[in-house]
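Novice: no letters, just coordinates:
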């Protein structure tokens, strides 16, 4: 279908520049070292995804997958070695259940260290509770005196096996724009890629404060 | 008033370049992640302010508000979605009470971690006391053997509600070019934007030393 | 032999650009400060090596040594002051025993701090054991529920004296793409320079988590 | 003396580029924030010095002072507001007593945190002892099994008042290319500016390991 191949998608040119730039930004922040982490952006019914298992700070616009919102691959990268990320169903969960416009997956050490401090609440589920921190205000719907509860699900052998518990956590914690994964990292979403980034930065900051605060017993 | 709209303000071209560059610098330092923090610069009776609730490292010169020293908005950004920061009355306090030339608001984790160590002195007020640290010399009016007292006020639900206690702290601690806010960050000012930056760097350094020193019990 | 001098080697132009760029990257990561650390890349039977005892972040493509896989120097840098690294036999060990395509030597403080936590298993040998950390998946052949064992050999007075114990560790721990050296750093290899970098980043991350986790007693 | 004013000094063009570049590098490393720290380079009998009390990462080649080795100012910056650093006699001590080619003064928090761990040995003098760390090899004349002793002198109210104790420490510790100042930072020198930088990086690394090691009780 030649016609399909020449089709352009919403904001395609923009996102083929912006997604690689965001990945370089995330690399500087230590969120995607060692090929870890990822990002996906949605525009209307079209979803862009960074490829799996490659150095995120080195990807180019040509390396993106384009999918339908239902998960069907519409455009593959020219480089046939590139694979769709195992995170795809996890990204889709946020699109489906929260109408997210973008999802960031980070392996931030701040988050992982904080997950070690989470309190178990159920089988395979624990929580990090934050209160009285100004940066909570950056997380949609939260004020300084509120409690922001970040759900932390247990990790699994394969990333796609996280899907069920991630979906359950998304449904159980409607106030949280993120689900952390113990020993692993975090999925954070927002209205669009900029909003997802600022949500991710706020939560990363909360996690940084949590573990460093523990280190000084304060 | 066409004539007013074409008016240029003191150092306008310079500051439309410099304020965004400072914001990128502050992002690298971790002071303004997640849309947090801000900066304002005064020239004579004109005040420039970075907008609220946006990624500070991405703002351009076009995004600045220009106000009179009394707080009246003279020029709005072309982008109508941009809002004046809630910090405006806090910035104004330093302009009014200290004749500051610039004010930086940072969410630095170093400062927030240090505020956890502050000692209560009054209702809603605590203090961080620093002595025998060379970097104190960078803070106007302080020597190595002096004690630099950084006031720390309690945080409030809304940023504008900090105004009263910030003003009281400014008046009570005339030696300090900064007031920290517990669980939140810091307001630091100086003669101009360069001086405010170096004051902010010195105090950030003192706070970094304070919490890391605690972590090694030294 | 004029003819030999004009010969070009596999990917020579590429690597004369890429190796210096990787060194700048490693400097940013804190792996090669103070002239420490190094990198070598193999293509077929040809081996490229960064020179010894110089600021790694400043080397240029002209500064590389080119050797045969057997260790014979084929091309010296034009700058005669540059010396072949003492790490050469250590790099060769990974080429010979693991058919590596590239080897990175890092002095990362994360790794050195982690080596202080290693448990002795034999004369001159200790181990760091990692389990239940997602980033282990980045290390070839390891899953989340596995245990990744990073061998840690004792350091020696001269770098070349590490060769025997490094070779023994390589043979004893066939699952590990790296051998750490107590109080010193790490040797990490991969199929090629990109793979070696991502292996190095994953292991560095594991070491970072290990020592920071210790600092919070979690 | 018009003729004198047009005179050029050894490597003048080179150093008017390189010194500002080094200052930007040091700013990235956190060594010269808040106008702290400094650098001086000697060529033959001519000494270049960065100015005092300004943002080191912003200086340009025009901002340097040029002095005779004896300390006489030969060329002042065109910007008359710039002042000669109070460190000048401290830099001179290393030129005179060690024939140094460059001296770096850093306020690195790694060094300051390490000075808190130094052991008192005499009135106003303490020591940090390092052994069994590979990076010691980067410090001229030291091997892995040696002990590198970094003298730490007490700080004084004014930087120039450090001169006597710095000179005494330089004479008492001929093996050390550096003298740390408690609560303050460090003076490090080398054959030239590159060597001084690598010595400074090695010692900074040792200090980083020292305090972080303390934080994990290892």
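Specialist: Yes, it's here. Here the structure is a predicted model, which means the values were calculated and not measured.

Novice: I'd like to know which elements the helix or strand containing residue A:164 is packed against.
Specialist: Per DSSP states H and E: residue A:164 is located in helix A:163-172. Judged by 3 or more C-beta pairs under 8 Å, 6 or more residues apart in numbering or on different chains; DSSP states H and E, helix A:163-172 is in contact with helix A:88-98, strand A:147-153, strand A:178-181. To be clear about C-beta, it is placed using only N, CA and C from the backbone, and glycine gets the same treatment.

Novice: avg pLDDT for that helix?
Specialist: Averaged over helix A:163-172, pLDDT sits at 98.

Novice: and for stretch A:83-100?
Specialist: On average, stretch A:83-100 scores 95.

Novice: likewise stretch A:12-30?
Specialist: Per-residue scores along stretch A:12-30 average to 98.

Novice: what are the buried residues along stretch A:180-199?
Specialist: A:180-190, A:193-199 (16 or more other C-beta atoms under 10 Å in any protein chain shown).

Novice: oh, I was asking about stretch A:118-138
Specialist: A:118, A:124-128, A:130, A:133-138.

Novice: got it, and stretch A:151-162?
Specialist: Neighbour count says stretch A:151-162 has A:151-156, A:159, A:162 buried, by 16+ other C-beta under 10 Å.

Novice: can you narrow the residues you listed to ones near chain C?
Specialist: When C-beta under 8 Å from any C-beta of the partner chain is applied, the members of those adjacent to chain C are A:155-156.

Novice: what's the farthest-apart pair in the buried residues of stretch A:151-162?
Specialist: A:151 and A:159 (17.3 Å; C-beta to C-beta).

Novice: tell me if stretch A:24-36 is near chain C.
Specialist: Yes. Stretch A:24-36 comes into contact with chain C (C-beta under 8 Å from any C-beta), by way of A:33-36.

Novice: with pLDDT as added columns, please give those in a markdown table.
Specialist: Shown next, in a markdown table, are these (pLDDT from 0 to 100):
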| residue | pLDDT |
| --- | --- |
| A:33 | 97 |
| A:34 | 97 |
| A:35 | 95 |
| A:36 | 94 |
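
Novice: mind putting these in CSV, neighbour count and secondary structure included?
Specialist: CSV is the format used below for these (neighbours: other C-beta atoms under 10 Å in any protein chain shown; DSSP: H, G, I helix; E, B strand; the rest coil):
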residue, neighbour count, secondary structure
A:33, 27, helix
A:34, 22, helix
A:35, 25, helix
A:36, 26, coil
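
Novice: quick revisit: just the buried residues of stretch A:151-162: which has the poorest pLDDT?
Specialist: residue A:159 (88).

Novice: is it true that it touches residue A:86?
Specialist: Yes. Judged on C-beta atoms under 8 Å, residue A:159 makes contact with residue A:86 at a distance of 4.0 Å.

Novice: now do the contacts for the residue of chain A found nearest chain D.
Specialist: Residue nearest to chain D within chain A: residue A:215 (6.9 Å; C-beta to the nearest C-beta). Neighbouring residues of residue A:215 by C-beta atoms under 8 Å, 6 or more residues apart in numbering or on different chains: B:215, C:215-216, D:215.

Novice: which one of these sits closest to residue B:110?
Specialist: residue B:215 (12.1 Å).

Novice: about what we covered before: which ones among the buried residues of stretch A:180-199 map onto strands?
Specialist: A:180-181, A:185-190 (DSSP state E).

Novice: save the buried residues of stretch A:118-138 as a markdown table, and put in distance to chain B, secondary structure and pLDDT too.
Specialist: What follows is the buried residues of stretch A:118-138, written out as a markdown table (distance: C-beta to the nearest C-beta, whole Å; DSSP: H, G, I helix; E, B strand; the rest coil; pLDDT from 0 to 100):
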| residue | distance to chain B | secondary structure | pLDDT |
| --- | --- | --- | --- |
| A:118 | 20 | coil | 98 |
| A:124 | 29 | coil | 97 |
| A:125 | 26 | strand | 98 |
| A:126 | 23 | strand | 98 |
| A:127 | 20 | strand | 98 |
| A:128 | 16 | strand | 98 |
| A:130 | 10 | strand | 98 |
| A:133 | 5 | coil | 98 |
| A:134 | 4 | helix | 97 |
| A:135 | 6 | helix | 97 |
| A:136 | 9 | helix | 97 |
| A:137 | 8 | helix | 96 |
| A:138 | 4 | helix | 96 |
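
Novice: can you name the two of the residues you listed that sit furthest apart?
Specialist: Once C-beta to C-beta is applied, the buried residues of stretch A:118-138 give A:124 and A:134 as the farthest pair, at 31.7 Å.

Novice: on that earlier part again, which one, of the helices and strands packed on helix A:163-172, ends up nearest to residue A:171?
Specialist: helix A:88-98 (6.5 Å).
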